[in-house]
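>>> with the input below, show me the fold.
(2 chains)
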There are 2 protein chains.
Amino acid sequence: MKYAIGIDIGGTITKIGLVSKDGNCIKKTSFRTKEFKSFSNYVEKLNSSIEQISDNKEIAGIGIGAPNASKNGTIETPANLKWKGQLNLIKKLKQKIKNNIFLTNDANCAAVGEMMYGNAISLNDFIVITLGTGLGSGIVSNGLLVEGKDGFAAELGHFSINKMGRYTGLGTKGGLEAYVSATGIKRTIMYMLSKYMEDSIFRSISFDNLHGEDITKAAENNDFIALKTFQYTGKILGKALANFVSFSQPEAIILTGGLVHSGKWILEPTIKSFEKNLLAFYEKKVKILTSGLEDKDSAILGSAALVWKNI
Amino acid sequence: MKYAIGIDIGGTITKIGLVSKDGNCIKKTSFRTKEFKSFSNYVEKLNSSIEQISDNKEIAGIGIGAPNASKNGTIETPANLKWKGQLNLIKKLKQKIKNNIFLTNDANCAAVGEMMYGNAISLNDFIVITLGTGLGSGIVSNGLLVEGKDGFAAELGHFSINKMGRYTGLGTKGGLEAYVSATGIKRTIMYMLSKYMEDSIFRSISFDNLHGEDITKAAENNDFIALKTFQYTGKILGKALANFVSFSQPEAIILTGGLVHSGKWILEPTIKSFEKNLLAFYEKKVKILTSGLEDKDSAILGSAALVWKNI
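Residues are numbered from 1 along each chain as shown, chains lettered A, B, ... in the order given. Modelled structure (predicted):
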């Protein structure tokens, strides 16, 4: 029996897992990405972790999800990794590892994971939106990832929603992720505190001490600011999703990531706004779903799925 | 030598051509779409025209471009055709014609035409925007048309640009084609006449008597309203195109259709706005081109190309 190795390179943690073709992560490990000052040292650590986790099993290949991964095996100036410039990840790994290595960005991995193990198993046309610290996306059309010329397609976090207020990390104005993401929703709490004078638990919590779970809990307690914040966020997300449909007419849009843990508080206003803004001839043709991989090792599974889809 | 038959079903005219694989339209004919009260009579006329133009040549297949064409061989409630409901075009044609028949929407045909004969010959990732009476689009990713679940992807004329002012024909507010199309630019002339008090040739021309060529000519004569109109239109188009890049990262965006005949008047403000709104990491990665099929039988060629791409 062959296995795939799935690797998720995050700004804080790098996760590595050994995954069977039917999607069981039978062994995993992780280490802190930030500990490595030089990229070369980081790759050495990756190499030794891969060797250790392989455990003399037959390995079909290695799949890697990373921010700003290009089609050419490089990671290009990722905002949330400390190493700068064009990082030649695959070339460096190939110096030691004689096996298939596949690299794409983390949200694309999430899409491939849904296609193999999640809620997109029979779908050829769908979009995954990852709502984490930022907003990522993976688009599948004709059963293939829409990667674009260099691998930088599906950057919908930077999709301009024409609001002039907020800057994203990249200095663009009005990018969707400035509104719809863990960070975006915290910014909206601040905005609502500026706009309204109602009592709220958030009047005594600083931006830095504010966490997503607090907002959900406050909504459950009928906190005015929390309720306004979810409505505002869902309204923007639903409208953007309706716009995406005119691009690729997906059969489903799958939402995943921390913000989705807020459940109905985020989903209900999103779906309401989506349906309101959707063109009539798409009506009832596009489902809004949540991930089929929640509470599993979704990032590792997605990266491992990249191997099975490509070999 | 085999030939393909290319058919372009337009609201006013239906064009039919016999096309060699290297893209020569060696024979063509056309008739008025609007003359046929029943869809059955129209299909009869199509059948006889196909037979007549085939001329006993060996025909590899028939490619058809039509508004609102679905993946299932139907045309669904097209706004600019007089027959309503779900028109089962391929099924009806197949009753008489025992050959390959391929159907997709007209802007998708334009994209396939550029891929075989125009300015996208070596490209796997590009977008075609057709600027006619409305705004159509064809998106190619991984060398394949992005058609979506039912064939209704790439409806970028209805892409919401968040301006609340104008309605499109479908009753949606702020759709791109309400601003960027032959009709849209006429509406902008009216808007500029309302906004400014400067002299202009357009103060004496009614909406119905206004034609695209007049606006270009007026711009050449330094007409204030014409210049403002092109700037306004290009600004909106360039911004929308920059947003499309974050979706599919095309290597090129190809503009085609009547509005492109305005040349630099529309292209310069469009490119300026595109570059201004493009994310930094896409810089110099996306070309704005005009069609490689201008002044040829582009609609017929595009439909015929559908045959060669699919058989």
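
>>> state which one residue of the stretch 151-300 of chain A is found closest to chain B.
A:Gln249 (2.4 Å; Cβ to the nearest Cβ). In short, each C-beta sits where N, CA and C put it, glycine included.

>>> from A:Ile271, how far out is that residue?
Using Cβ to Cβ, to the nearest Å, A:Gln249 is found at 18 Å from A:Ile271.

>>> try A:Ala304
Separation of A:Ala304 from A:Ile271 (Cβ to Cβ) stands at 31 Å.

>>> so which of those two has more stuff around it?
Per other Cβ atoms under 10 Å in any protein chain shown, whichever of A:Ala304 and A:Ile271 has more neighbours is A:Ala304, with 37 against 17.

>>> now what about the helix or strand containing the more buried one, what contacts it?
Element membership for A:Ala304 (DSSP states H and E) is helix A:298-310. Outside of helix A:298-310, the residues that reach it under the criterion Cβ atoms under 8 Å, 6 or more residues apart in numbering or on different chains are A:4-8, A:10, A:15-17, A:19, A:21, A:23, A:25, A:28, A:60-65, A:100, A:102, A:104, A:106, A:109-118, A:256, A:291, A:293.

>>> run the last query once more with 6 Å
A:4, A:6-8, A:15, A:17, A:19, A:21, A:23, A:25, A:60-61, A:63-65, A:102, A:109-110, A:112-113, A:116-117 (Cβ atoms under 6 Å, 6 or more residues apart in numbering or on different chains).

>>> buried ones among those residues?
A:4, A:6-8, A:15, A:17, A:19, A:23, A:25, A:60-61, A:63-65, A:102, A:109-110, A:112-113, A:116-117 (16 or more other Cβ atoms under 10 Å in any protein chain shown).

>>> pretty sure A:Ala154 is touching A:Ile139, no?
Yes. Using Cβ atoms under 6 Å, A:Ala154 is in contact with A:Ile139, at 4.6 Å.

>>> joint contacts of the two?
A:Val146.

>>> which residues touch the residue of the stretch 1-150 of chain A found nearest chain B?
Of all residues in the stretch 1-150 of chain A, A:Gly148 sits closest to chain B, at 2.4 Å by Cβ to the nearest Cβ. Counting by Cβ under 6 Å, 6+ apart, A:Gly148 makes contact with B:125, B:248-249.

>>> per-residue pLDDT, A:Thr172?
pLDDT, A:Thr172: 66.

>>> need phi/psi at A:Phe126.
Main-chain dihedrals, A:Phe126, degrees, to the nearest 10: phi -160, psi 170.

>>> what's the burial count for it?
Neighbour number of A:Phe126 under other Cβ under 10 Å is 25.

>>> which residues does it bridge with?
Counting by DSSP bridges, A:Phe126 is bridged to A:Val140, A:Ala252.

>>> thought it was touching A:Val140?
Yes. A:Phe126 lies in contact with A:Val140 (Cβ under 6 Å); the separation is 5.4 Å.

>>> coming back round to it: contacting residues for the residue of the stretch 151-300 of chain A closest to chain B?
B:148-149, B:152-153.

>>> next one: A:Arg166
With Cβ under 6 Å, 6+ apart, A:Arg166 has these contacts: A:Ala178.

>>> show me where chain A has strands.
For chain A, the strands defined by DSSP state E cover A:2-9, A:13-20, A:25-32, A:58-66, A:75-76, A:86-87, A:101-105, A:126-131, A:135-141, A:144-145, A:252-256, A:287-290.

>>> for these, give me CSV that also has mean pLDDT and distance to A:Ala182.
Shown next, in CSV, are the strands of chain A (pLDDT from 0 to 100; distance: least, Cβ to Cβ, whole Å):
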stretch, mean pLDDT, distance to A:Ala182
strand A:2-9, 96, 17
strand A:13-20, 96, 16
strand A:25-32, 95, 20
strand A:58-66, 97, 19
strand A:75-76, 92, 22
strand A:86-87, 92, 25
strand A:101-105, 96, 18
strand A:126-131, 97, 7
strand A:135-141, 97, 9
strand A:144-145, 96, 25
strand A:252-256, 97, 13
strand A:287-290, 97, 16
